[in-house]
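>>> Have a look at this prediction, sequence included:
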Amino acid sequence: MIFEITEENFRREVRGSELPVLLEFFALWCGRCAMMEDVLTEFARNNTGKIKVCRADIDRSPALAEKFGVEKVPAFVAFRDGKAEQAAVGVVPYRALEEICKKNLKKLKKVLALCKIM
């Protein structure tokens, strides 16, 4: 499942997420964004319960795009604990999305392991 993000729900859906988040900034008129649609859908399906995959339309939420310095789309930002951690711009392969999120997942696994010890 891919969650639609707006300026109104960003705080709740991204900042408040218990899971790491991969947020794609896109535009409906963007051909490169359309090329990423199947890749992002597959990534979301394969990471259900591990990573929350989201999309934000830069034309509907320009303040969000500006806040994260998005000048070109598609742009991807990975969040952990509500903070932006990693980013990529352009058409990227599935493996690149994994790499963007892998660092966040490793950090999360370490935290969870520490919680189990305590």
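Good, I have the coordinates.
>>> Now do the end-to-end distance for stretch 48-61.
In stretch 48-61, first residue to last residue: 25 Å (C-alpha to C-alpha, to the nearest Å).
>>> any idea of the mean pLDDT in that stretch?
Averaging pLDDT along stretch 48-61 yields 96.
>>> Could you list the buried residues of that stretch?
Using 16 or more other C-beta atoms under 10 Å as the test for burial, stretch 48-61 gives 51-58, 61. All C-beta atoms are positioned from the backbone trio N, CA, C, and that covers glycine.
>>> Restricted to strands, list the residues you listed.
52-57 (DSSP state E).
>>> just for this protein, where's the confidence low?
For the chain, residues meeting the criterion pLDDT under 70 lie at 103-118.
>>> Just to check, Val89 is in contact with Gly69?
No: taking contacts as C-beta atoms under 8 Å, Val89 lies outside contact range of Gly69: 10.1 Å.
>>> If you count surrounding residues, which of these two has more?
Neighbours were tallied for Val89 and for Gly69 using other C-beta atoms under 10 Å; the higher tally belongs to Val89 (15 against 10).
>>> bridging residues for the more buried one?
Beta-bridge pairing of Val89 under DSSP bridges involves Ala75.
>>> just to revisit the earlier point, now flag whichever of the ones in strands among the buried residues of stretch 48-61 is closest to Pro20.
Among those, Lys52 lies closest to Pro20 (C-beta to C-beta), at 7.1 Å.
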